[in-house]
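**Student:** Need coordinates for the below:
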Amino acid sequence: MQTLYTMNLERHAQIHPRVLLHQFDGAIDAGNAANLATEQLLTTLPGKAVATFNIDALIDYRSRRPTISYDHGKFLEATHPSLTLELLRDDNGEEFLFLHGDEPDYRWDELSNAIIHLVRSLGVTTAMGMAGIPMPVPHTRPTQVYEHGQHVPDDPNHPKTFGYMEFPAAYGNYLELRLGQAGFDSRGVSASVPHYLLRDDFPQSASALLRAIAKSINLALPVGDLEANSITNLNAIETEVANRPEVAALVQALEKQYDKSLDSVLSPPPDLSLQNADLNDTDLDTLTAQLEAFLESNNSGNGPRQGPNNSGNATNQEPNHDQPEA
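**Tutor:** Numbering: from 1, shown residues only. The predicted structure follows:
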């Protein structure tokens, strides 16, 4: 039987994480929101590997092939998919675990059992995943974040969550469920991303994810780079849209739908789910296709990724109202 992970900690190392964050590449992540949030954490917070997982046992290389380098008549090296559990320290010095890497193709139950055993042995009590989800919202409005989980309190100030649905699970969804069934306080956050930016970087939603995680489970997470990049990204999109009146009209239709949901003085919070979209006879599919085609043709949303400048903090910090609020 193959071992699914290898411990990297020194034998007598003492760590005390109460929180596990998890994020997996491969499933839908609109706007690369969770990937951008992951990159922000890994480039701004100190950390070290706790365990590495056996990718040979988990990944179908025909679906995610290793990258191999070639130079002047010879192959040099191969870069494989990876799945790693790291110990990070937030901006207040609190330790937490972060499981990140490629979504497994195989052995979901066995992997979940291994993760549950491992993080429980390290003292974890709370777990949280994250993702970006495409929704009929304009880029000109604040990002809505939906929190879900078996122990999430009903907060009237949070956006409405979706009703009953069935859909193909991502491994992050599955792990959230399994952790909850195993007795952990298992949660997840999903940030709305405009449909037409589905395949573009949308750092505004990544910043919103980290702020929501920080608030929900009391971690101090860096968001300054993401928020600065959000301004650059939104300005670039606005410049492109301003040069195309027909596209601007479509964005205005989405703005009208969004604002209509706020007519009740923000109580209850807006329900922006697809089944409630009403664009006054504007065909949502056509609108989305036109916006997406336009923005992709102009390569919008592909600004620089977040660097190591650790400016801004996701806890105990009021939003700068001169900037777009995530």
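**Student:** For stretch 72-85, buried residues please.
**Tutor:** By 16 or more other C-beta atoms under 10 Å, the buried positions in stretch 72-85 come out as 81, 83-85. Any C-beta I mention is one placed from the backbone N, CA and C, and that applies to glycine too.
**Student:** Helices of this protein, residue ranges please.
**Tutor:** Using DSSP state H, the helices of the chain run over 33-44, 108-121, 171-181, 203-217, 224-242, 245-260, 284-297.
**Student:** what would those helices look like in TSV with distance to Arg187, mean pLDDT and mean neighbour count?
**Tutor:** Formatted as TSV, the entries for the helices of the chain read as follows, by distance: least, C-beta to C-beta, whole Å; pLDDT from 0 to 100; neighbours: other C-beta atoms under 10 Å:
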stretch	distance to Arg187	mean pLDDT	mean neighbour count
helix 33-44	14	98	24
helix 108-121	14	98	17
helix 171-181	7	97	20
helix 203-217	6	97	27
helix 224-242	21	93	19
helix 245-260	26	88	16
helix 284-297	29	61	16
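**Student:** Any chance of those helices in JSON lines with distance to Val152 as columns?
**Tutor:** Output for the helices of the chain, formatted as JSON lines (distance: least, C-beta to C-beta, whole Å):
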{"stretch": "helix 33-44", "distance to Val152": "18"}
{"stretch": "helix 108-121", "distance to Val152": "19"}
{"stretch": "helix 171-181", "distance to Val152": "10"}
{"stretch": "helix 203-217", "distance to Val152": "8"}
{"stretch": "helix 224-242", "distance to Val152": "24"}
{"stretch": "helix 245-260", "distance to Val152": "24"}
{"stretch": "helix 284-297", "distance to Val152": "29"}
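**Student:** closest one to Leu197 among those?
**Tutor:** Closest approach to Leu197 among the helices of the chain (C-beta to C-beta): helix 284-297, 6.7 Å.
**Student:** from memory Gln40 sits against Glu227, does it?
**Tutor:** No. With contact defined as C-beta atoms under 8 Å, Gln40 does not reach Glu227; the gap is 10.3 Å.
**Student:** Distance of Met135 relative to Leu45?
**Tutor:** Per C-beta to C-beta, to the nearest Å, Met135 is found 29 Å from Leu45.
**Student:** between those two, which one's more packed in?
**Tutor:** Comparing Met135 with Leu45 by other C-beta atoms under 10 Å, the one with more neighbours is Met135, at 22 against 19.
**Student:** That one and Pro194 touch, don't they?
**Tutor:** Yes. If you go by C-beta under 8 Å, Met135 and Pro194 touch, sitting 7.4 Å apart.
**Student:** hmm, what's the outermost residue in the chain?
**Tutor:** Computed with C-alpha atoms, centre = their mean, the maximum C-alpha offset from the centroid of the chain is found at Gly73, amounting to 40.5 Å.
**Student:** OK, contacts around the nearest residue to Ser82 once chain neighbours are set aside?
**Tutor:** Computed as C-beta to C-beta, 6 or more residues apart in numbering, the closest residue to Ser82 that is not its neighbour in sequence is Gly101, at 4.7 Å. Contacts for Gly101 (C-beta atoms under 8 Å, 6 or more residues apart in numbering) come out as 24-25, 53, 81-84.
**Student:** Apply 7 Å and report the result again.
**Tutor:** For Gly101, the contact set (C-beta atoms under 7 Å, 6 or more residues apart in numbering) comprises 24-25, 81-84.
**Student:** Out of the residues you listed, the closest to Thr6 would be?
**Tutor:** Nearest to Thr6 among the contacts of Gly101, counting by C-beta to C-beta, is Thr84 at 10.5 Å.
**Student:** The closest one and Ala131, how far apart?
**Tutor:** Using C-beta to C-beta, which is the criterion applied here, Thr84 is 19 Å from Ala131.
**Student:** What of Val124?
**Tutor:** Separation of Val124 from Ala131 (C-beta to C-beta) stands at 20 Å.
**Student:** Repeat that for Asp102.
**Tutor:** Taking C-beta to C-beta as the measure, Asp102 falls 15 Å from Ala131.
**Student:** Can you pick out the residue with more neighbours from those two?
**Tutor:** The neighbour count for Asp102 versus Ala131, taken as other C-beta under 10 Å, is higher for Ala131 (25 against 20).
**Student:** From what I see, the more buried one and Glu176 are in contact.
**Tutor:** No. With contacts defined as C-beta atoms under 7 Å, Ala131 does not count as touching Glu176, sitting 10.2 Å away.
**Student:** how near is the closest residue to Gly149 other than its chain neighbours to Ala249?
**Tutor:** Beyond its immediate neighbours in the sequence, the residue positioned closest to Gly149 (C-beta to C-beta, 6+ apart) is Arg187, lying 3.4 Å away. When C-beta to C-beta is applied, the distance between Arg187 and Ala249 equals 39 Å.
**Student:** now swap in Ser121 and tell me
**Tutor:** In this view, Ser121 and Ala249 are 57 Å apart by C-beta to C-beta.
**Student:** Select, out of the helices of the chain, the one closest to Tyr146.
**Tutor:** Taking the helices of the chain one by one with C-beta to C-beta, helix 203-217 is closest: 8.9 Å.
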